[in-house]
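Asks: build the 3D model from these lines:
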Amino acid sequence: MSAHPPVRLRSRKPLFLDLTASDIKTRWQEVRDLSIVSNKALVSDPTVWQLGFELHRHTWSLLNRFHTNTGLCGANLHKWCLTSSNKCQCGERQTMIHIVELCHRTKFTDKGLILSHEADDNAVK
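Replies: Numbering: from 1, shown residues only. Predicted coordinates for the structure are as follows:
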């Protein structure tokens, strides 16, 4: 472990002097238990790398866009006034869930959106 740099100005108080030991895991669990987030059970321990953490940033971001329903789909592009229609090529309203679970052209096989939470090779494909 390297030593902290010397304090250059007496008037400045570096952040590393204010750090106190805390139990991050317990504090995180308390905050999670009090929250009203619907998918809070997806991460059981924030100190452990989640599945897919080793993926490239682009792939990780794409999977997270499906989780949060903020990806580039017809419904979102129409809502953001970037297209004139919210329709998919199949004629239905194109949402992220539609792309993954409903559309006969693009849907994931087997588990649908739940598959993307596993972040394995099948979800990435």
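Asks: could I get the full set of helices for this structure?
Replies: Using DSSP state H, the helices of the chain run over 24-34, 57-68, 74-79, 96-97, 113-118, 121-124.
Asks: what number of residues lie near R93?
Replies: Close neighbours of R93, defined as other Cβ atoms under 10 Å, add up to 14. Glycine gets a C-beta too; all of them are placed from N, C-alpha and C.
Asks: now swap in the one 3 residues further on and tell me
Replies: Residues lying near M96 (other Cβ under 10 Å) number 20.
Asks: if I look at it, how far off is R32?
Replies: According to Cβ to Cβ, to the nearest Å, M96 stands 24 Å off from R32.
Asks: check contacts around L72.
Replies: Neighbouring residues of L72 by Cβ atoms under 8 Å, 6 or more residues apart in numbering: R65.
Asks: going forward, begin numbering at 73 instead of 1
Replies: Right, with 73 as the first residue, what we last looked at is L144.
Asks: what values do phi and psi take at it?
Replies: For L144, the backbone dihedrals (degrees, to the nearest 10) come out as phi -80, psi 90.
Asks: and the gap between R137 and H130?
Replies: 11 Å.
Asks: so between those two, which is more surrounded?
Replies: Relative neighbour count places R137 above the other of R137 and H130, with 16 against 8, counting by other Cβ under 10 Å.
Asks: my guess is that one contacts I171. True?
Replies: No. R137 lies out of contact with I171 (Cβ atoms under 8 Å); the separation is 10.5 Å.
Asks: anything in contact with each of these two?
Replies: G143.
Asks: how about residues contacting stretch 154-171?
Replies: With Cβ under 8 Å, 6+ apart, stretch 154-171 has contacts from 137-138, 141-143, 145-151, 174-179, 185.
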